[in-house]
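In: Here is the input, now give the coordinates:
(3 chains)
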Amino acid sequence: ASDFTVFRTQHYDLQGTAYGCHSGLVNVEARPIESNSYTRRCVIARLKDVTMVKYREMLIQNAAALLVALPEDLQDLTDREREHLAELELEMLAEENQLPVYFTTDSHQITHILNDVASSINADSAASAAEAMLSSASANGLQMLVTGAASKALNDFQVVNIQGKLSGFGIEEQLPTIALVAHYDAYSLVPSLSYGADSDASGVVTLLELSRLFSKLYTNSRTHAKFNLLFLLSGGGKFNYQGTRRWIEDQLESSEASLLSDVHQVICFDSIAKGDGLHLHVSKPPKEGSAGHSIANHLEQSVRSVRGSDAAFSVVHKKINLAEELLSWEHERFSLRRLPALSLSHFDSHKDQKRQTLLDTRETVSDETLVQNIQVVAEALAKHIFNLTSEEGVELFSDGLRVEPSLVSAWLSHLTSVPRAQQLLPPSSPLLHSLEHAFSRHLKEVKRHMVVADKRDPEFLFYSGQEYTMSAYSVKPAIFDLFLAVGIAAYLAVLYVAVQNFHLVYAALRMISGSNGNKAKKIY
Amino acid sequence: AQDIIGCGGFVKSEVEIVFSLIEVKLYTRQGSLKYQTDCAPNNGYYMIPVYDKGDYTIRVEPPPGWTFEPQSVELHIDGQNDLCSKGEDINFQFTGFGVIGKVISQGQSSGPAGVTLTLKKLVGEETVKSTTSVDDGAFTFERVLPGEYFIEASHSVWKFEKSMVQVKVGRETGDAGSDLKLMGYDVQGSVLSEGEPVAGVYFLLFSSTVNPKIVKSCEQGDVAGMPHREGEFMICFVKSQKDGSFIFPAIPTGSYTLVPFYRGDNIFFDVQPQQLSFSVEQDSVLFKEPFVVAGFTVNGRVLTSPNGQGVASARVLVNGHEQAVTSADGTYRLDSMRPETYTIEVQSELIFFDPVEVKISPSAPQLPDVTASRFSVCGHVIIDRLPEGMGHSTQSRKVQVESAKTGIITTGTDGEGNFCFRLPAGTYAIKVMLSSAEEKAGLRVAPDVIDFTVKDQPLDHIKFSQFRATVSGSVECTEGCGSLHLSITSLGRSEERRVVMTSEDENGKTKFSFDNIMPGKYKVNLMNEEWCWEEKAKDIEVVDQNLNAILFRQSGYILSCHLSHDITLNFAQESKPGNVGSFNLTKGVNKFCLKEPGVYKLTPVSCHQFEQETYAYDTVHPSQLSMNAVRHRVEGRIVTQESASSIMVSVKSSLSPDLPPSVIGPLKSDKDVPAIKDPKPKTPVSGPFTYKYLYWAKIGEKLEVSASSKELLFYPETVEMTIMGDACPGDVDEIIGKRGVFIDGLVTPALADVAVTIAAKGSEDNKIEVTSDAKGSYRVGPLHSHTEYDVSAVKEGYVLTAIEGKQGQFRAFKLGQISVTVTDQAGQPLPGVLLSLSGGNYRSNQVTSDQGAMTFSSLSPGQYFLRPMMKEYSFEPTSQMTEVLEGTTGSIAISGVRVAFSCYGSVTSLNGEPEAGVYVEVVGLHKCSSSQEESKTEPDGSFRIRGLQPNCAYNIRLKAGEANQHIERSVPKSRILHVKNEDMTDVHMIAFRRMNQLDLSGNIIGSEQHLNTLKVHLYRESNPDAPIHTVSLGSTNFFYLPSLTVDNQNYVVRLDSTLQRSAYEYNLSEFTFTANTTYQHFTFEFSPQRKPIEQELSQSSFLVLPITLLVIFISYNYQKILPMFSQSAASLQSLMSPSKPSTVHQSSNQDQYDADFIAELTSVSKKKGKVRKA
Amino acid sequence: MTFFHFGNCVALSFVPYVIVYKCSGLAEYSAFWKCVNAGAAYLFTQLCKLLILATFFPASDIPDGQFDVVGEFLKSTVDLADLVGLHLVMAKSGKGNLKFLISGMGWATSELIMTKFLPLWVGARGLEFDWKYMQMGLDSNVSLIHHLTTAVLVWLYSRTDLRRSALPVVIMLLALVSYKPLIVEILIHAVGLGSWTLLLAKALFTGCVGLIALQLFLGISPKEVNSYY
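Out: Presented below is the predicted three-dimensional model:
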């Protein structure tokens, strides 16, 4: 009887539509994916075998559960497997279904189970009925059991936004404000495996590093710019940027004049730790001479100088499609409220699924690229707020003010050491505490802004139960016990008979002993 | 434009030299050449423009061999108080060429140092300079003007072969060659025998290398019996003088050996060391170690007197330690003596001897006699009653002996009064010394003096013993004395005063007496204040008998009065008209005697007014009068030559400052006849007229007296006077009246509005300014006649020289002018060009105005040299000589061509704050890499670098190193400037200040739940036990340490946990780093494993098995053992009652335990049994 | 299937005891209580053995990898106490040659109950199916024979009329029987027998010892045999 932890797939309601599957507990017999009867069976398979056809088959035959074994190291997936996983992620999250899917990492236990399960297959496909009878009787089946609390809805789950600010040189209200935003949660098919190293651990690290560098600049009166800097780590980023939406509403409607009232430019960061360049996503192209335009120029110029002249840089213009339910970039939340905003990412299109995948783990991310991108942003931002003409060779952030690679990689590993699905990040989570601690080290008026779905029609609803322990018992079929009982009865009968006429044995022995017994007498 | 500071001066030289060959250069402190110029050919004037303040050195660089004084001048130009800004000249005096040569010793190529050489002019032999030769004999003369000279060498000790040589100095350094030659060097030494110098010791000089012939200065030939040395020549020999020293006057350089040789009349003495080898280099030789001659018995006698009998058993000490004792007849013997001087002392009980200084020499074995010098004389002093004053007396008295021969000798007595003397033979007088206090206290000793004589035997029988008196007298009064008191006090001694009452004896005389008075001086005093006595106190002296005739007589009655000022007091008695007199009394309390009793009338007479005119006094009731003065009389005088009718005197008093001064006058002079109409004209009365005035003033009043009149001036104008209280205030200082004086003068040729200033000599303050009128004349007056005045006149463009003799007369010269206009290529006027004009001893440096023009005015006629200067420009013509005639105005036009360009820019911080005081430097690249220019940013952050050569590439950057210590880096680091042919503008640099703060942070990887047990310590590596900062990990695994300053020291960051080592297995890592960057991040691994809880081992050994067997054996045949066991148990019971029950108990529960077990077993089996049945 | 499986196992292990008890005629002689006494004796001896083991033998913590022969040997010498226990039981139970049967029977049943019943109850009823419960059942049968033979041997040992020559054989057999678990352990470690083969080996071992003992038994008491009937 071996047991191992398994992770449930996403299960949440977003703006009315439900995603993922409700039921969670399982207590059925296991079947390999090759077998063609799935009804009320727990199908166990390796990732590469789970094809779309099979998955739909399972849905139709309403299998009891599906256990997918992910390879030990997610990196050495073959390309085909990557496609598989991508399709799976898409398909499974498309709409609500009844098939609870579990993921686990491949280990010798799993392989052992898979072999057992494979051997039990031949019972179905045996040549003759008797043989089938016999094999099904004797073959030992596997009982898969998932126990624990069933998943229930976490209503009034609090999503946390952390904000901090650096006030500029002069009276705070009259100075223009630049907001830097990044969502800290990650999303993939499996909440407990969603590390989101690129899709937005990189953004969070960028914000932390910028806060450190600019707080160092702002402490010295000679390098104190006339701009307020506002830093926001928003939650619920992967759930249609709920945290940001509510934060903007509160800021704009709040009584006392918040910094957001005359924001000069909002810059959002979403996965800038990979790729060979940076792309600027805007809802409408920035007008000539506006802040956005000057920042874009500075960015292009510093990408050329820091990342090398061959690095890619482009301004991607994508109009917000109100019909679509889910927004594509975080800056669109700001653009909806007519605030000048842009998003910075190494993806050149929003359709790219790599922002919501399991494979987005720490190893896939290059610290070097992230450090360079942070320096690009820092240089551009500094040149904008100190309005320096950006001729070549001007490198502000070096020596004393350089971006600290060791700190960046430490934060990156710390953020990706814990799965960061929003469901797993309640207000009490230590990760949020460490982020807030880091912000309060560098910024002022660091506050937590709580977002709760409203009572009547909640925009988002999370469910508990992301991680279970599944145990597999090797079981004999019931008939087998019958056979066994018969066997024992026969044995007992024989024994009875043997004991009854023990004296025959006795006599036989005597004859032998008698013969040699006389001999023995003679001898002794 | 910046203000340009010019540093100029003259290259001076008496002798005619070519000035143009001399260059003057300006270097920065770091040594890079800034500017160079050559001197004006006519007067050697040079001018260097300096654009930036800072530290420079100006250095003269003449052709080789020329020397100047000074060679270079350090300058710290800060615009106010350095030489150039104050416009003073920096002059360089040409001091001449150099002369070199060498002195050599005979047969060598080099010579000694320390030879004095004097350079003398060939004609006239007047010494120019003198110097000494350096170590190999070479010598140099500096600053020698060209001409014919000869050099003479001389030395205090050494002799010269050739001591004169000639040298000629032309256009370059003169060389005297090396033909001054020394004959040799002196060799000296000394010889002693027993510390005594020995004369007549021969010293022979041998040498293997030197040829004896070249040595001239000492005798040669042989000495009888002298030792010979093979292979060496005997050069010469010398004898030692009386003081033991010997000298070879001149020995050439080489190696020698010296041999000493000494023979007495018939004995030989050996001399150490036998031989001494030495070598003569370039210096005289002195043997520090003296040579030493290597030693026989003496006897003597001790007598009481020169030919008296001997003193037996007296001890003889030689040099302080005893060596012999005299025999009965006083003789002694000393042996093993060396020929030295010794001190011999003889000691015996009652006879004393003086130590004798004796010199023992082999020639005189017999010592001189030692005669006795002193004998002992003893005695006794008895004193039984001491005077009171001497409360404690020193036990020992001083006794003094006096004689013609020995003078006064004193000694002290011991406890009982005994004393002893040591006296040479002769007659003596002895007396006991009483201290002056004792004598005053009246201590006498009898007899005073005792005389005795000492022949040749000690004496001991002298004795001394103590003397007391009474004092009495009478008192006579005019009318009955009544009882009076008298007191007697001793003078000198501090005894207490004794008072006694007078008593009436039978015939009405008042008498008194004192008794038991010790001898000494006393004072008897009559204590009565009302009456006058002829003598109130009498001094008496008690010598050695009683005194009884002391008489006191009354002389009158005392009047005492208190006065505020000195007065003379007249007194008259109403009852007796004849009794009249006057007394001169002083300020304060006065006491004087009135003969007759009765009532008196007193009137004070002085320059003061008193409260009452007259005062009354009655002798019967004596009381103290007091008289205070109220006002004082003040007088003053004014003396004039001529009579003046309108002299008024005004007196201002300090007591009433607001009242108008009281005016006295018009004063009448003493010669004024009362104004009676007198028809005939009065002859003018001549001679000095004095006018008097009078004023009553109070005490402490300050008066200001000033006189005024129409015709006269009074010296001094006002006189101050303060009234002192005591003496009669004297007169106010005399005021003199005088007629006024007028001054007038003329300027020829007539010149209008010449500014004439008249100032009293010496006093700077009251200067009077007047301008001349059209005809050039002016008049000033009235002035005080007695002071001297000096008159000076000034007019723009003219030189006014005073004509001797006539004061106030001037002659005017119109001065010449030079007007210069400077234009650039485009013909526009060029402002800011520095024009330096010099001629004769005139020089001026002016900067052209915005119109590019400049006029040098008031130039006295003569030749002038003009040179225009401006950085980045070259001028055509570069310099110009012009002639200025009297009154003419010359004009010069100069055109400037822009040669170099300058670069304007600014250095600001990141947010635009200007960075003042930052050094920006420009270094030339490729072909013009030699030039380097720099400048400092102004307070507003801007800078201008001048002197950039056209079509040259420059690299502009912030200067590294010392200058910009506080700047860490600049953005952009450096920029290339391509200078075409116009200025470069707005080169903007951003300067980052040095961040000296190091931030520290870190994170922990590993188990979450043990986080709160962790602490991070930061240590300095130098003391690893005292943590500087400690941060405990809260709930996050990131921690931030307070920042450190970047100080390049080593620090240690260490993790520390409070988990017990026993329960957990973990290791703590640490990082060391040096604080030289601005950020450090540390990642710690912390993953404690829980230790497996191992059971505790039961340590039982195999020994237990036999024990159990024994137990079994016992239990097996227990019948035998049991009775024996219970018996011994009973006996034990009484001893250890408590212990037994517990063990029993324990064993019992053991059995009970078994029983339960069995019971339970049976029950179980019963149950099972049931089960089976079912 | 779990309880059903439990039933099978219990049947396999307990029923043979009942059969032997019934068929060997003990029932008639109301030997039941004697068997219970034998069971109690068994328990008592087991307790003594445990006590001796616990106090005298240092619990040496040998890592379970190697096999400490000496320790095991000493431990199994303690098993001799069983023989003593049997001997005592037989001494008390009187009645000729039935003694060994009663005592053997009682001893075996109590051991069966004590060692086998609880694991069966816990394990067999669990979801997990495992062959080891079956093996336990068969093993209990083998141990029945084993205890009977030991009882016979002990009885033989205490018989005075035993042939001299057979005494050493009896002693050797006794030693063999008492050291059986040691031998089994050695077999497991040395040869590495599988679970089923081990069971077979035990069965054979007990079988031949039983036969020899039977032969010996027959050898010495031809007349009692008849009474036996």
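In: Over to A:Glu172: give its phi and psi.
Out: Dihedral angles of A:Glu172 (phi, psi; degrees, to the nearest 10) stand at phi -60, psi -40.
In: A:Asn228 is in contact with that one, correct?
Out: Yes. Counting by Cβ atoms under 8 Å, A:Asn228 is a contact partner of A:Glu172 at 6.2 Å. C-beta: built from backbone N, CA, C; applies to glycine.
In: hey, what's in contact with both of those two?
Out: A:Leu259 (Cβ atoms under 8 Å, 6 or more residues apart in numbering or on different chains).
In: Show me what the host helix or strand of A:Val68 packs onto, helices and strands only.
Out: A:Val68 belongs to strand A:65-70 when elements are defined using DSSP states H and E. Where contact means 3 or more Cβ pairs under 8 Å, 6 or more residues apart in numbering or on different chains; DSSP states H and E, strand A:65-70 is packed against strand A:26-32, strand A:41-46, strand A:101-105, strand A:141-147.
In: which is the next helix or strand following that strand?
Out: Next along from strand A:65-70, by DSSP H and E: helix A:79-94.
In: how about that next one: buried residues?
Out: For helix A:79-94, burial by neighbour count (16 or more other Cβ atoms under 10 Å in any protein chain shown) applies to A:Glu81, A:His84, A:Leu85, A:Ala86, A:Leu88, A:Glu89, A:Met92, A:Leu93.
In: which one of those sits closest to chain B?
Out: Nearest to chain B among the buried residues of helix A:79-94 is A:Leu85, at 28.3 Å by Cβ to the nearest Cβ.
In: how close does the closest one sit to A:Asn501?
Out: 71 Å (Cβ to Cβ, to the nearest Å).
In: hmm, back to that, for the buried residues of helix A:79-94, give me TSV that also has distance to B:Leu526 and pLDDT.
Out: Formatted as TSV, the buried residues of helix A:79-94 follow (distance: Cβ to Cβ, whole Å; pLDDT from 0 to 100):
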residue	distance to B:Leu526	pLDDT
A:Glu81	148	81
A:His84	150	81
A:Leu85	145	83
A:Ala86	146	85
A:Leu88	148	82
A:Glu89	144	84
A:Met92	147	82
A:Leu93	144	80
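In: Where does pLDDT dip in the stretch 101-250 of chain A?
Out: A:120-127, A:135-137 (pLDDT under 70).
In: Tell me the residues of it that contact chain C?
Out: A:Asn140, A:Gln143 (Cβ under 8 Å from any Cβ of the partner chain).
In: What ranges does the stretch 101-250 of chain A have for its helices?
Out: Taking DSSP state H, counting those that start in this stretch, the helices of the stretch 101-250 of chain A run over residues A:108-124, A:129-138, A:202-219, A:242-253.
In: so which helix or strand takes in the closest residue to chain B within chain C?
Out: Nearest residue of chain C to chain B: C:Leu43, at 4.4 Å (Cβ to the nearest Cβ). Using DSSP H and E, C:Leu43 maps to helix C:32-56.
In: Next, the buried residues of the helix or strand following that helix.
Out: Using DSSP H and E, the helix or strand that follows helix C:32-56 in sequence is helix C:69-78. Residues of helix C:69-78 classed as buried under the neighbour-count rule (16+ other Cβ under 10 Å) are C:Glu72, C:Lys75, C:Ser76, C:Val78.
In: same deal with stretch A:359-373?
Out: A:Leu359, A:Asp360, A:Thr361, A:Arg362, A:Thr364, A:Val365, A:Asp367, A:Thr369, A:Leu370, A:Val371, A:Gln372, A:Asn373.
In: distance of the residue nearest the centre of chain C from A:Asn62?
Out: Closest residue to the average C-alpha location of chain C: C:His147 at 3.2 Å, with Cα atoms, centre = their mean. Per Cβ to Cβ, C:His147 is found 57 Å from A:Asn62.
In: So what would you say the end-to-end distance of stretch A:1-14 is?
Out: End-to-end span of stretch A:1-14 (Cα to Cα, to the nearest Å): 39 Å.
In: How about that stretch and chain C, any contact?
Out: Yes. Stretch A:1-14 is in contact with chain C by Cβ under 8 Å from any Cβ, via A:Ala1.
In: What residues does chain C have near chain A?
Out: So chain C meets chain A at C:1, C:4-5, C:7-8, C:11-12, C:15-16, C:19-20, C:23-24, C:127-129, C:134, C:137, C:141, C:163-165, C:211, C:214-215, C:218-219, C:222, C:225, C:229 (Cβ under 8 Å from any Cβ).
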